[in-house]
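> Got a sequence here, can you build the structure:
(2 chains)
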There are 2 protein chains.
Amino acid sequence: MNPKALHKISYGLYAIAARKGDRINGQIANTVFQITSKPPTLAVSINKENYTHELIKDSRSFVVNVLDRETGMVFIGRFGFKCGRDIDKFEGIKYRLSLLGNPILEENSIAFLEVRVEKEVDVGTHTIFIGEVVDADIVSDDEPMTYAYYHMVKKGRAPKAAPTYIEE
Amino acid sequence: MNPKALHKISYGLYAIAARKGDRINGQIANTVFQITSKPPTLAVSINKENYTHELIKDSRSFVVNVLDRETGMVFIGRFGFKCGRDIDKFEGIKYRLSLLGNPILEENSIAFLEVRVEKEVDVGTHTIFIGEVVDADIVSDDEPMTYAYYHMVKKGRAPKAAPTYIEE
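Residues are numbered from 1 along each chain as shown, chains lettered A, B, ... in the order given. Okay, the predicted model is just below:
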């Protein structure tokens, strides 16, 4: 078995954001996908150790912010490689709160989709959160960041908690 | 809500193949994603009405064939817009059988991943099949087909049974 075949699966790159009480947080994820068209339903795989996991468990909803292809590495580093238990990731970042109270990015994002969680599937290290899209909009006509572009052009890497992390 | 925001999610394009007794079949899908890294676990969303759904239910396994970016529209039309109950989609197609007996494409594919199904999640019109990757390899260094490339360059469309179908 050649585990590098897993790298041939294509993904986008997203900032998944949620809220618990007065705390908001977000994290980078690539494993977002639509699972039904009627009603529009999304799924995302989140590591159980991540702070955003705790927030989604509490808020039962989250926002998928679709990252702009030109998003800088400082932003991705902050949302993808730091922990929201230690820092306020949204400090100094432009955002607004959705109807359900989750952060919608107003920078580095070309679209958002808000999901109300209806199902959770325990898959060991991660939980798949599944739910209906209750709000969504396109905010820019720029290109979305893809995982391939992030790796090839931006020379980005995957953190250990990512579903797609492979030990070298 | 703007449903076109759903189009900003990035995907690849795959031929999902399975077997039931002496019948083999495959279908095009874009909603394949990795959900954990240890062990490597994949998920795919398949429409309950599709013949491949019946086969995966029976074989409890499937092969994800990662399509080459240059895959022709005749091949995609055959696997994506025809029903395996009516025709033998693999007739005249180069393939071999995996250890678990599922078809691995030997044309139009750059990699394959074989999955043993461990969980099924009922999500209305579709089932999410989840399982561990038991075999995988890269067969070509060519680029994978992405859903964006399929729509923009190949002018492809989504069939009604696709999770990402949006009525125009």
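> So in chain A, which strand runs the longest?
strand A:109-123 (DSSP state E).
> in its sheet, what does whatever helix or strand comes next after that strand sit against?
Using DSSP states H and E, the helix or strand that follows strand A:109-123 in sequence is strand A:126-138. If you go by DSSP bridges, strand A:126-138 pairs up with strand A:41-47 (antiparallel), strand A:109-123 (antiparallel).
> Go through the longest strand of chain A and flag the buried ones.
If you call a residue buried by 16 or more other C-beta atoms under 10 Å in any protein chain shown, then strand A:109-123 has these buried ones: A:109, A:110, A:111, A:112, A:113, A:114, A:115, A:117, A:120, A:121, A:123. Bear in mind the C-beta positions are built from the backbone N, C-alpha and C, glycine included.
> these two touch, right, the first one and residue A:142?
No - taking contact to mean C-beta atoms under 8 Å, the distance of 9.6 Å between residue A:109 and residue A:142 leaves them out of contact.
> Between these two, which contacts overlap?
residue A:68 (C-beta atoms under 8 Å, 6 or more residues apart in numbering or on different chains).
> quick one: residue A:47 from residue B:162, how far?
Noted for residue A:47: a distance of 28 Å to residue B:162, by C-beta to C-beta, to the nearest Å.
> Dump the strands paired with strand A:126-138 into CSV; add mean pLDDT as well.
Putting the strands paired with strand A:126-138 into CSV (pLDDT from 0 to 100) gives the following:
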stretch, mean pLDDT
strand A:41-47, 96
strand A:109-123, 97
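> will you turn the ones you listed into CSV that also has distance to residue B:96?
Listed next are the strands paired with strand A:126-138 as CSV, based on distance: least, C-beta to C-beta, whole Å:
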stretch, distance to residue B:96
strand A:41-47, 31
strand A:109-123, 30
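> Distance check, residue A:27 against residue A:14.
9 Å.
> Looking at the two, which one has more neighbours?
Neighbours per residue, other C-beta atoms under 10 Å in any protein chain shown: of residue A:27 and residue A:14, the larger number sits with residue A:14, 29 against 26.
> Report how many residues lie close to residue A:29.
25.
> Check the spacing between residue A:56 and chain B real quick.
15 Å (C-beta to the nearest C-beta, to the nearest Å).
> for residue A:72, same thing?
For residue A:72, the distance to chain B - C-beta to the nearest C-beta - is 19 Å.
> Spatially nearest residue to that residue (excluding sequence neighbours)?
Nearest non-adjacent residue to residue A:72, counting by C-beta to C-beta, 6 or more residues apart in numbering or on different chains: residue A:108, 7.6 Å away.
> do residue A:42 as well
residue A:115 is the one closest to residue A:42 (C-beta to C-beta, 6+ apart), at 5.1 Å.
> doesn't residue A:135 make contact with that neighbour?
No - at 9.0 Å, residue A:115 does not count as touching residue A:135 under the criterion of C-beta under 8 Å.
> As a quick check, tell me the outermost residue of chain A.
Farthest-out residue of chain A from its mean C-alpha position, per C-alpha atoms, centre = their mean: residue A:1, at 29.1 Å.
> so that residue touches residue B:138, yeah?
No - under the criterion of C-beta under 8 Å, residue A:1 makes no contact with residue B:138, lying 11.1 Å away.
> hmm, who's touching the helix or strand of chain A at the bottom of the mean pLDDT ranking?
Ranking every helix and strand in chain A by mean pLDDT, DSSP states H and E puts helix A:147-152 at the bottom, with a mean of 85. Contacts with helix A:147-152, where a contact means C-beta under 8 Å, 6+ apart, come from A:10, A:11, A:12, A:13, A:30, A:69, A:76, A:156, A:157, A:164, B:10, B:146.
> now the helices for chain A?
In chain A, the helices defined using DSSP state H lie at A:51-59, A:73-81, A:147-152.
> can I get the ones you listed in CSV with mean neighbour count?
Output for the helices of chain A, formatted as CSV (neighbours: other C-beta atoms under 10 Å in any protein chain shown):
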stretch, mean neighbour count
helix A:51-59, 20
helix A:73-81, 17
helix A:147-152, 18
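> and residue A:97, which of those helices is closest to it?
Nearest of the helices of chain A to residue A:97, taken as C-beta to C-beta: helix A:51-59 at 11.5 Å.
> tell me which residues of stretch A:95-106 are tucked away?
In stretch A:95-106, counting by 16+ other C-beta under 10 Å, buried: A:95, A:98, A:100, A:102, A:103, A:104, A:105.
> Now do the contacts for the second one.
For residue A:98, the contacting residues are A:63, A:104, A:112, A:114, A:135, by C-beta under 8 Å, 6+ apart.
> if we can go back for a sec, wait, what's in contact with the residue nearest to residue A:42?
A:42, A:44, A:61, A:62, A:63, A:64, A:129, A:131, A:132, A:133, A:134.
> Among the residues you listed, which one has the most neighbours?
residue A:62 (29 neighbours).
> Around the closest residue to that one other than its chain neighbours, count how many other residues there are.
In space, residue A:62 comes closest to residue A:18 once its chain neighbours are excluded; the distance is 4.5 Å by C-beta to C-beta, 6+ apart. Residue A:18 has 31 neighbours, counted by other C-beta under 10 Å.
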